[in-house]
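*Asks:* Provided below are the primary sequence and the corresponding predicted coordinates.
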Amino acid sequence: MTPRIIDRDSARGLDWPGAIDALRQGHLAAAAEVRDLFLGPGSGSLLTRAAWLPGRGFGVKAVTVFGDNPARGLPSVQGAMLVFDPETGVLTAVIDAPLVTQYKTCADSVLGAQILARPDSRRLLIVGAGVLAGGLVAAYRAGMPHLDQVQVWARRPEQARALAERLAAEGHAVTPVTDLAAAVAQADIVSTATMAREPVLRGEWVRPGTHVDLIGAFRAEMREADDALMTRARIFVDSRATTIAHIGELAIPIAAGVLTPDDVLGDLYDLVPGRCGRTGADQITVFKNGGGAHLDTMIAAWIAAAA
């Protein structure tokens, strides 16, 4: 059997509500078994993620992440996703990994926000204007249409302006901002998608009731939020297995004794069925989007079924 090769040009029938629902339904099924492998220095890394979803199949995603690649005219993330049949082990699909990553990462964050953000949230702030930012705006707008004010901040203001102009051409009104502290203080949802190794988001800026969606950090030395925010917030993750011991957002404050693993109140296997979540309008909620091969496999299966 020849596996199907699916890239952006051949993918069909993909939309943000479908991606979000694929993750929601996936977390109502039996829990997955996952393994991650990171290799290489901080300047360039190979990330391999594998998952077994009982009764639904196996998936392996291998990607390289080179943060300086855009200056070379190359994508920062490249790789492939392999999907295997659960009954025979046959390789059924090879899918462009950045396509899987975009839909998985953005849908993951929006699913977390649908559950944890205040229902009356209207103002969204995107921190970072890189490869994920445009998808985040589109996914949040599709999954939470009541968000009618969207701002974007980037370390380089011209990058935020260029993103806003591109999104305006796609029908999304986005305002670039230069004062990060002021923008955070006014936001109902803050979504960070940076390559930061030191915190860019400070707890003193965040008002009660805000939902914070942390995406960028994916290695043990990386973090986007400071200790003040993490100690003020109710903390949730997409997957305990891929975040607590592996990503600096949690691993660094845990190692320092600022947090303990018990401060993580639940992951999507708890949030989706409603076993935990926001319990008050004034609470600050943090959702660490760390990803995982089970999430990739859920999205890859959805892409393959739609193509």
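*Replies:* Thanks, I have it. Numbers count the residues shown, from 1 in each chain.
*Asks:* Report how many residues lie close to the nearest residue to Thr242 once chain neighbours are set aside.
*Replies:* Distances taken as C-beta to C-beta, 6 or more residues apart in numbering place Gly292 nearest to Thr242, at 4.1 Å, with adjacent residues excluded. C-betas here are computed from N, CA, C, even on glycine. Using other C-beta atoms under 10 Å, Gly292 has 28 neighbouring residues.
*Asks:* ranges for the strands of this protein?
*Replies:* Listed in chain order, the strands found in the chain under DSSP state E are 4-6, 33-39, 45-53, 57-65, 77-84, 91-96, 123-127, 149-153, 175-176, 189-192, 211-214, 234-237, 285-288.
*Asks:* For the third one, list every residue counted as buried.
*Replies:* Read it as strand 45-53. By neighbour count on 16 or more other C-beta atoms under 10 Å, the buried set for strand 45-53 is 45, 47, 49-53.
*Asks:* again, but for the fourth one
*Replies:* The neighbour-count criterion (16+ other C-beta under 10 Å) identifies 57-65 as the buried residues of strand 57-65.
*Asks:* Could you do the first one as well?
*Replies:* Taking 16+ other C-beta under 10 Å as the basis for neighbour counts, the residues of strand 4-6 that come out buried are Ile6.
*Asks:* what residues does stretch 183-191 touch?
*Replies:* 109, 113, 117-118, 120-127, 136, 140, 147, 151, 153, 177, 201-202, 205-207, 209-213, 215 (C-beta atoms under 8 Å, 6 or more residues apart in numbering).
*Asks:* can you tell me which residues contact the residue most central in space within the chain?
*Replies:* With distances taken as C-alpha atoms, centre = their mean, Thr105 lies nearest the centre of the chain, 3.6 Å away. Thr105 makes contacts with 132, 135, 215, 289, 291, as judged by C-beta under 8 Å, 6+ apart.
*Asks:* Please name the nearest non-neighbouring residue to the fourth one.
*Replies:* Which is Asn289. In space, Asn289 is closest to Ile215, 4.6 Å off (C-beta to C-beta, 6+ apart).
*Asks:* What is the neighbour count of the one you found?
*Replies:* Neighbours around Ile215, by other C-beta under 10 Å: 26.
*Asks:* And for Gly13?
*Replies:* 10.
*Asks:* Equivalent analysis for Asp36, please.
*Replies:* Counted with other C-beta under 10 Å, Asp36 comes out at 18.
*Asks:* Please apply the same query to Leu180.
*Replies:* So Leu180, with other C-beta under 10 Å, has 18 neighbours.
*Asks:* so what's it up against?
*Replies:* 127, 153, 200, 205.
*Asks:* domains for this structure, by residue range?
*Replies:* 4-101+294-306, 106-291 (automatic domain parsing).
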